[in-house]
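Q: Provide a 3D model corresponding to the input given below.
(one chain, ligands or ions: 2)
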Amino acid sequence: MPNPFTLGVIPPRAAFCNRKTELNELSSHARNKANVVVFSPRRYGKTSLIKKLQRNLMREKYLTIYNDFFMITSENDVAHRMARSIYNVLHQHESLLKKGARYLKTLKTFRPVFKPSADKGVVLSVEPVSANISGIEVLDNILEEFGEFIRKQTSFAGVHIVFDEFQEITDLKGSPIEGVLRNHIQEHDASYFFVGSRRRILLDIFNNKSRPFYQSAIMFSMNALPSRELTNFLQNQFKKGGKRCSTQLAEKIAEMTARYPYYVQALAYHVFEVSGPLIKAKDIEYAFEKLLASERYGYEGIVQDLTSSQMALLKALANRPTSKIMSTEYMQAYRLSIGGIQYARKKLEDLDLIENFDGLWRVVDPVFARWITGF
Ligand SMILES: Nc1ncnc2c1ncn2[C@@H]1O[C@H](COP(=O)(O)OP(=O)(O)OP(=O)(O)O)[C@@H](O)[C@H]1O
Ligand SMILES: [Mg+2]
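A: Ligands and ions are numbered 1, 2, ... in the order given. Here you go, the predicted structure:
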């Protein structure tokens, strides 16, 4: 039997653990045309959840558009990605749009082009109609046209747009992009979701008085997976793969991964690989070693970019989370200096490597924390 656990974004019809309350609440915001910021640590299941939400909305005849801002390079790049995802979605809905095809003519900045692709047959791409305007003007135009499209369209029950990894717009230093996006979005009769994991950077966009998006969206934080549902999910998945896992051992997997969605799947994946028909405690220990061995490369990439004072603080918090990071006792125990801590703390928070959780400073990723304590 193939391994029933997944290591990537959950595929469309794959098993999903819970998140029912989250889905209900988010669907309601989408129907109310509210804008929402969805945030959590990395690999918590934001993209999987949002894709599931959009699939549900599509069934309710919503037009759903998903944009990924991962590694955007310019305003022009943002405009391109938006135009491409708009055309792609409209193309999928072609039959529904037949009688309303004239709406498509409102989009003038880019034209759709079909290009042959080695692995996907023909793909829909976009080309700018004029080469002589700046990136920010191109973005301004496409947003204007999209707003007009939303106003005129009658084929869909509503429009839902996602910007995944939204915090990456802050990498466009000195760009007026926040203001331009905000101006248009507030006029659009649609629901926008801003998704991201660099929480400090993302939240500052919406909670800093001097920024255009200030207080323009509902803040929605995602939590770890709930215990009982997670234990059931793990047992069911093992069963689907033809194996049996006791409640006690399913709870152990949940506990070792702090119910952190990605690690739950990754640990369970390795457990499935190393076990016989009945899961044993030693399989979990061995699988955890396998998990650490495979995550190690990513962790090494993270720490190699840190300075020695950032590393010292990270190690200290991995060994002992604390509410008193600046206390003389803590600083002496881990050889930290006041100046070093202040700068390191901000940088580590910006990278979302550490967080203040209910007053306690700790490393965000529990498995990374365990790895750090080992050297
Ligand atoms: N509800 C869930 N049930 C089971 N597994 C889940 C669930 N949500 C997420 N996962 C697992 O967690 C992993 C990360 O999911 P996803 O990529 O959606 O997270 P993300 O928060 O978007 O991550 P990133 O911050 O890296 O973009 C995936 O391997 C997925 O299988
Ligand atoms: Mg994601």
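
Q: Just the helices from the stretch 1-150 of the chain, written as ranges.
A: Ranges of helices in the stretch 1-150 of the chain, per DSSP state H, counting those that start in this stretch, are 20-31, 46-59, 75-92, 94-97, 135-152.

Q: Please apply the same query to the stretch 251-375 of the chain.
A: Assigned by DSSP H, counting those that start in this stretch, the helices in the stretch 251-375 of the chain fall at 261-274, 281-304, 308-319, 328-333, 338-350, 366-373.

Q: Is any residue of the second one near ligand 1?
A: It refers to helix 281-304. No: judged by C-beta under 6 Å from any ligand atom, helix 281-304 stays clear of ligand 1, getting no closer than 11.0 Å. Placement of C-beta: from N, CA and C, glycine included.

Q: Can you show me the strands along the stretch 101-250 of the chain?
A: In the stretch 101-250 of the chain, the strands defined using DSSP state E, counting those that start in this stretch lie at 110-117, 121-128, 158-164, 191-196, 218-221.

Q: in the second one, what's buried?
A: It stands for strand 121-128. Buried residues in strand 121-128, defined by neighbour count with 16 or more other C-beta atoms under 10 Å: 124, 125, 126, 128.

Q: So the first one versus residue 90, what's the distance?
A: Right, residue 124. The gap separating residue 124 from residue 90 is 9 Å, by C-beta to C-beta, to the nearest Å.

Q: Likewise for residue 218?
A: 28 Å.

Q: now swap in residue 64 and tell me
A: 11 Å.

Q: hang on, the earlier thing: quick one: which of residue 218 and residue 90 has more around it?
A: Taking neighbours as other C-beta atoms under 10 Å, residue 218 and residue 90 compare with residue 90 leading, 23 against 16.

Q: For burial, what's the neighbour tally of the closest residue to residue 3 other than its chain neighbours?
A: The shortest distance from residue 3 to any residue other than its chain neighbours is 5.0 Å, reached at residue 272 (C-beta to C-beta, 6 or more residues apart in numbering). Counted with other C-beta under 10 Å, residues neighbouring residue 272 total 22.

Q: Does residue 272 touch residue 239 like I think?
A: No: counting by C-beta atoms under 8 Å, residue 272 does not reach residue 239; the two are 11.4 Å apart.

Q: could I get the buried residues of strand 121-128 as CSV with distance to residue 214 and pLDDT?
A: Conversion of the buried residues of strand 121-128 to CSV gives the following (distance: C-beta to C-beta, whole Å; pLDDT from 0 to 100):
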residue, distance to residue 214, pLDDT
124, 36, 78
125, 36, 82
126, 32, 84
128, 32, 86
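
Q: Using JSON lines, lay out the residues you listed together with distance to ligand 1.
A: Shown next, in JSON lines, are the buried residues of strand 121-128 (distance: C-beta to the nearest ligand atom, whole Å):
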{"residue": "124", "distance to ligand 1": "24"}
{"residue": "125", "distance to ligand 1": "24"}
{"residue": "126", "distance to ligand 1": "25"}
{"residue": "128", "distance to ligand 1": "29"}
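
Q: Mind telling me the two of those residues farthest from one another?
A: Within these, 124 and 128 form the most distant pair, 15.2 Å apart (C-beta to C-beta).

Q: Highest mean neighbour count out of the strands of the stretch 101-250 of the chain?
A: Burial of the strands of the stretch 101-250 of the chain is given as mean neighbour count (mean count of other C-beta atoms under 10 Å); strand 191-196 ranks first at a mean of 25.

Q: From the contact counts, what lies against that one?
A: The helices and strands touching strand 191-196, judged by 3 or more C-beta pairs under 8 Å, 6 or more residues apart in numbering; DSSP states H and E, are helix 20-31, strand 36-39, helix 46-59, strand 158-164, helix 199-207.

Q: Any part of the last one near ligand 1?
A: Same thing as helix 199-207. No: contact between helix 199-207 and ligand 1 is absent, the nearest approach being 10.3 Å (criterion: C-beta under 6 Å from any ligand atom).

Q: hang on, the earlier thing: out of the strands of the stretch 101-250 of the chain, which comes closest to residue 170?
A: Residue 170 lies closest, by C-beta to C-beta, to one member of the strands of the stretch 101-250 of the chain: strand 191-196, at 10.1 Å.

Q: what angle do the closest one and helix 46-59 make?
A: Inter-element angle recorded for strand 191-196 and helix 46-59: 160 degrees (by axes from the mean of the first three to the mean of the last three C-alpha atoms, to 10 degrees).

Q: Give me the neighbour count for the residue lying closest to residue 138 once chain neighbours are set aside.
A: Nearest residue to residue 138, sequence neighbours excluded (C-beta to C-beta, 6+ apart): residue 79, at 4.4 Å. By the measure other C-beta under 10 Å, the count of residues near residue 79 is 25.

Q: got a list of what residue 79 touches?
A: By C-beta atoms under 8 Å, 6 or more residues apart in numbering, the residues touching residue 79 are 109, 110, 135, 138, 139, 141, 142.

Q: Residue of the chain closest to ligand 1, please.
A: Closest approach between the chain and ligand 1, counting by C-beta to the nearest ligand atom: residue 45, at 2.5 Å.

Q: ok so, going back, include mean pLDDT when you put the helices and strands packed on strand 191-196 into JSON lines, please.
A: Putting the helices and strands packed on strand 191-196 into JSON lines (pLDDT from 0 to 100) gives the following:
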{"stretch": "helix 20-31", "mean pLDDT": "96"}
{"stretch": "strand 36-39", "mean pLDDT": "98"}
{"stretch": "helix 46-59", "mean pLDDT": "94"}
{"stretch": "strand 158-164", "mean pLDDT": "97"}
{"stretch": "helix 199-207", "mean pLDDT": "94"}
